[in-house]
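A.B. asks: please work out how this folds:
(chains A, B, C and D)
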There are 2 protein chains.
Amino acid sequence: MASTAPATAPSDAGAPGNMADVRRNNLALVLGRVVQSPAGFHLTRAQLAAATGLTKASVSSIVLDLLDAGILREVGLSRQGERGRPGVGLELNPSRGVMGMEINVDYIAAGVTSLSGELVVKEVRERDNRDSASGAVMSALAELASGVRLAASALGVDVLGGGLAVPGLVEPGSSTVTVAPNLGWVDTKLDVARLLPSVPLGVSLFNEANAAALAELAHSPHGRDFLYISGEVGVGGGLVLNSELFTGPEGNAGEVGHIVVDPEGAPCSCGGTGCLETVAGQDAIFSAAGITVKGRTRTESMADLLGALAAGSPAALTAVQQAGRALGVAVASASRVANVRAVVLGGHFAVLDQWLHGPLLESLAKYAPGALSPEHVMTSTVGDAGALLGAAGSVVRALVEAPHRLQA
Amino acid sequence: MASTAPATAPSDAGAPGNMADVRRNNLALVLGRVVQSPAGFHLTRAQLAAATGLTKASVSSIVLDLLDAGILREVGLSRQGERGRPGVGLELNPSRGVMGMEINVDYIAAGVTSLSGELVVKEVRERDNRDSASGAVMSALAELASGVRLAASALGVDVLGGGLAVPGLVEPGSSTVTVAPNLGWVDTKLDVARLLPSVPLGVSLFNEANAAALAELAHSPHGRDFLYISGEVGVGGGLVLNSELFTGPEGNAGEVGHIVVDPEGAPCSCGGTGCLETVAGQDAIFSAAGITVKGRTRTESMADLLGALAAGSPAALTAVQQAGRALGVAVASASRVANVRAVVLGGHFAVLDQWLHGPLLESLAKYAPGALSPEHVMTSTVGDAGALLGAAGSVVRALVEAPHRLQA
DNA sequence: CAAGTTAGTTTATCGCTTGAACTATATAAG
DNA sequence: CTTATATAGTTCAAGCGATAAACTAACTTG
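C.D. replies: Now for the predicted structure:
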């Protein structure tokens, strides 16, 4: 059902609305249009008025606020019509940026993007974080972030806030990692604020797959609705519906790695049985393909697997095909539950796509015919930096949706 | 992630906000509090001001509008404090109501509830709608609805609008049934408006399981987040998250009947393989239990099954236990995808609960340990009339969220 | 019956959008 | 070079809804 949306929804649902809410809404409306405009094309106040439906007077007043807050910048004159006074172009202030950070199993990373999403600086440091105390990892990351922030500053970009992506479940709205199996963290409260001392927008925490999903949303033509499936040691997922990340009441929605794909299957690290991860996770594929893991890095093992596939190893081919079929079952079930219409494969699923793709589509056609068209099963276009870009992008997105947070 | 909600969201997302939106928001806020108040307990303006955070002046003005619109009514004096001037109690106008209607395989039904959800009149007419043209069914229903409307009118209840529930997929926001397998309808546009000529709120169309889910939400203590699973000829579902029906981008979310529970399973009417419905649908259970369907009504066959279960028939017991285990697998997968935390079983699942319950919980513990606590697997408390009550309730809900639609 | 207490209304003020009038700056025509 | 026309952006009065404070209303207590 498409019930009439509530007329206004103040920041806290169920709170009184007043004129400040109207202003916040319209600030976001105008700023949102600027963000959506193609790079290099600068909208004018008059065009914003036409696009948003606001009057020129309101747009002028709103733009003034956004200029004062340092979010927008005027950029010369814009000639598009033949006659009449030229308008003044507006763009996101290129001297403001946000930091994306990532903690993963074998590295930490930090990077700064401008508000328009361009990567300005990025640094990755290899570090074995497996079973490392969270405090030690955070200290190393704080140091890395500090350096990256200085580098951005030297390039004239001021960091307004940051986002951190971790490979684990995150309690929504808090800085707590409920569980990160591959890091060995359980109910770990992270002091994210110290990564970026005294930034106006603070630092937020994200699940890695969710962040990567948002990066695909922002940087790729996958549409407004898709399920991102991240293939790492674990199998994670990020569900994007109507251009919004759907996290569910506890923040655990989209955990596609633990959909049951075989009731007779193997036990899973989550305590369940026959989860997708037990067939399509990296360890499962390596093991089924007969690839050695011990004493080798994941990158090396993956290279071995690709070699075996290229050489036509039956074990390797079967392992990957099985993973593809299991993905098809999982996607079939997910499409029923959440009306998923498109799938984006990331991590090792993107790497193995040429072997996975066929079995996945066959399996999908068998278990949920008509639910997704084959061309809606795609691979990631953002790649490695997805989690980092997504974490940074989420901070920008939050700013765009609530620009008043940066006002004096 | 729990990003900051947009400050205001005018009726059309991306539309300018103005002070009328603030008013709409606050009308809904005040009215929502009145609706939430326990039956028989009448809030006063002063209490509403305290509860909503609005000032007394604003509440007075808003209540005046709601009285003028005929949505609220003043009801004597309310003494709760010891001292001071007594407040004037407010309640939903009992002379206004909405109609819920239902088309199902072997009957049509119509009933009127007051705005507070009490059933005033209800009439059910047996009718075999299987493979009946939609126009003929709608004509019969229009006649039934007209009579029920008159009966309600005679009792002093004026019908403001209506909701119709059908056992099929409904295109959100339209009056089109995409597919209703058990009625034999495909892409059928229904002229719902003629069911209730000239009502101010019109007539909306709902999926049966979704409507029933909303009825459970309104009339039962199941909480704000649950998956309702309806056991009928088909297996349907309604996903309630944060007290909202979650329908997904195409309106097909919660279609739990076609989650894959056995990749080696039987073909399904949806074209898929091993769907929940192939194990736990009514026909599947009857067939596995060796119950005759031909020449008998569904009610009779169900009575036969209950008899067989009571008599300890191994085939019947096994059939129902298998259905329970399949439900466990489906719930496990659904809990991963949409972070479902509770399940409400309706239709034949409620009837068979004493045999289903154990196998379902065992299966759930095997496939998704810790995802749902056992006490969060519940049975429907609304029963038969769920779809009808839910359809009516949805209309009330839409009115509460946008009361200005009833203003002059 | 006066004092105290709570309910609800009245009034002045503020902030934000709106629409119309106005100013500013360009191109095109004479 | 001047004038007409077209478009961009600002200014200003008006309207509306929320707020806060003052005020009126109605009841209890002593």
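A.B. asks: mind checking pLDDT for residue A:8?
C.D. replies: Confidence at residue A:8, expressed as pLDDT, is 41.
A.B. asks: again with residue A:346
C.D. replies: Model confidence at residue A:346 (pLDDT) stands at 96.
A.B. asks: how close does it get to residue A:296?
C.D. replies: Applying C-beta to C-beta, to the nearest Å, the value for residue A:346 to residue A:296 is 23 Å. Every residue, glycine included, has its C-beta placed from N, CA and C.
A.B. asks: what does residue A:399 give?
C.D. replies: In this view, residue A:399 and residue A:296 are 43 Å apart by C-beta to C-beta.
A.B. asks: show me which of the two is the more surrounded one.
C.D. replies: residue A:399 (25 against 14; other C-beta atoms under 10 Å in any protein chain shown).
A.B. asks: residue A:163 is in contact with that one, correct?
C.D. replies: No - counting by C-beta atoms under 8 Å, residue A:399 does not reach residue A:163; the two are 11.1 Å apart.
A.B. asks: mind listing the shared neighbours of these two?
C.D. replies: Each of residue A:98 lies in contact with both residue A:399 and residue A:163 under the rule C-beta atoms under 8 Å, 6 or more residues apart in numbering or on different chains.
A.B. asks: indicate the residue of the stretch 151-300 of chain A located nearest to DNA strand C.
C.D. replies: Among residues of the stretch 151-300 of chain A, the one nearest DNA strand C by C-beta to the nearest atom of the strand turns out to be residue A:200. It sits 19.4 Å away.
A.B. asks: next, give phi and psi for whichever residue of the stretch 251-400 of chain A sits closest to chain B.
C.D. replies: Nearest residue of the stretch 251-400 of chain A to chain B (C-beta to the nearest C-beta) works out as residue A:339 at 2.7 Å. Main-chain torsions, residue A:339, degrees, to the nearest 10: phi 60, psi 40.
A.B. asks: contacts only, for the residue nearest to it when sequence neighbours are not counted.
C.D. replies: Nearest non-adjacent residue to residue A:339, counting by C-beta to C-beta, 6 or more residues apart in numbering or on different chains: residue B:248, 2.7 Å away. Taking C-beta under 8 Å, 6+ apart, we find residue B:248 in contact with A:241, A:338, A:339, A:340, B:254.
A.B. asks: what do you get for residue A:53?
C.D. replies: Taking C-beta under 8 Å, 6+ apart as the criterion, residue A:53 is in contact with B:15, B:16.
A.B. asks: and stretch A:169-188, which residues are buried?
C.D. replies: Going by neighbour count (16 or more other C-beta atoms under 10 Å in any protein chain shown), the buried part of stretch A:169-188 is A:169, A:170, A:171, A:172, A:175, A:177, A:178, A:180, A:182, A:183, A:185, A:188.
A.B. asks: ok, the residues you listed vs DNA strand D, which is closest?
C.D. replies: Among these, residue A:172 lies closest to DNA strand D (C-beta to the nearest atom of the strand), at 27.7 Å.
A.B. asks: hang on, isn't that closest one packed against residue A:251?
C.D. replies: Yes - Residue A:172 is within contact range of residue A:251, at 3.9 Å (criterion: C-beta under 8 Å).
A.B. asks: run a quick neighbour tally on residue A:215.
C.D. replies: Residue A:215: 30 neighbours (other C-beta under 10 Å).
A.B. asks: revised request: answer the last question for residue A:311.
C.D. replies: 9.
A.B. asks: tell me how far it lies from DNA strand D.
C.D. replies: Distance, residue A:311 to DNA strand D, by C-beta to the nearest atom of the strand, to the nearest Å: 63 Å.
A.B. asks: ok, back up a step: can you classify the residue of the stretch 151-300 of chain A closest to DNA strand C by secondary structure?
C.D. replies: The three-state label given to residue A:200 by DSSP: H, G, I helix; E, B strand; the rest coil is coil.
A.B. asks: any idea how far the closest residue to it other than its chain neighbours lies from DNA strand D?
C.D. replies: Spatial nearest neighbour of residue A:200, excluding adjacent residues (C-beta to C-beta, 6+ apart): residue A:160 at 5.6 Å. As for residue A:160, its distance to DNA strand D is 25 Å (criterion: C-beta to the nearest atom of the strand).
A.B. asks: wait, residue A:160 sits on residue A:406?
C.D. replies: Yes - under the criterion of C-beta under 8 Å, residue A:160 makes contact with residue A:406 at 7.1 Å.
A.B. asks: give me the common contacts of the two.
C.D. replies: A:200, A:201, A:399.
A.B. asks: near DNA strand D, which residues of the stretch 51-200 of chain A show up?
C.D. replies: A:56-57, A:60-61, A:63-64, A:80-81, A:83-88 (C-beta under 7 Å from any atom of the strand).
A.B. asks: next up, the contacts around the one residue in the stretch 301-408 of chain A that gets nearest to DNA strand D.
C.D. replies: Relative to DNA strand D, the nearest point of the stretch 301-408 of chain A is residue A:404 (16.8 Å; C-beta to the nearest atom of the strand). By C-beta under 8 Å, 6+ apart, the residues touching residue A:404 are A:20, A:23, A:24, A:27, B:7.
A.B. asks: need the phi and psi values for the residue of the stretch 1-150 of chain A found nearest DNA strand D.
C.D. replies: Closest contact between the stretch 1-150 of chain A and DNA strand D, by C-beta to the nearest atom of the strand, is at residue A:84 (2.1 Å). Dihedral pair for residue A:84: phi 90, psi 170, per degrees, to the nearest 10.
A.B. asks: sounds good, over and out.
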